[in-house]
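Student: sequence first, predicted model second:
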Amino acid sequence: MTPKEYIVIELKSFINDFPQTRVRYEHDLSSETHFVEVIPNQIYHLDADYVKWECNFFDNFINLFPSENVCFISDDAIVGLQNIDFEIYGKEFVSPFTVNSGVMSLLDDWIHASSFVKGADLHNVSFCFESKSEVINTLSNGTHADRVSCNDGLPLAA
């Protein structure tokens, strides 16, 4: 079994135990490191069961593959994933950028959401999503979000 095969099997099991998460895996050849990104941040940073799972995974991985490196990150890490090899969502995962179906239909007419999410070469793209607090998320370069005021919950021009 390769390290990648082992990681994918373990992440599929992980999602059953932590259905409110999304995990992504990438093997970075330049650093020879296997990266696993876990979101949301609250699970990664604060959930004791997750911390226990990560410690067990790390110990087992190193025992099986002593010459390999594995690194766990979340979406607030300085480094990010560039070429995702594997991604899986739990049944209860809620994206921090949820939109209603009407807005998503409008966006689908203009942008392939999967391309945006996977880090396509988009720059200075802004979206406005209606929410209870009338606040939107502005996505810049597909890497981070800032909160700004919303104009009637309508999509802003890109």
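Tutor: Received, thanks.
Student: mind splitting this protein into its structural domains?
Tutor: 3-89, 101-149 (automatic domain parsing).
Student: after the helix ranked longest in the chain, next one along is what?
Tutor: Assignment by DSSP state H gives helix 48-64 as the longest helix of the chain. Following helix 48-64 in sequence order, the next helix or strand is strand 69-73 (DSSP states H and E).
Student: least reliable of the domains of the chain by average pLDDT, please.
Tutor: Per-stretch mean pLDDT for the domains of the chain is lowest at domain 101-149 (a mean of 41).
Student: just checking, Phe86 touches Arg24?
Tutor: Yes: judged on Cβ atoms under 8 Å, Phe86 makes contact with Arg24 at a distance of 7.0 Å. C-betas here are computed from N, CA, C, even on glycine.
Student: of the two, who's got more company?
Tutor: Arg24 (21 against 15; other Cβ atoms under 10 Å).
Student: where does that one land in three-state SS?
Tutor: strand (DSSP: H, G, I helix; E, B strand; the rest coil).
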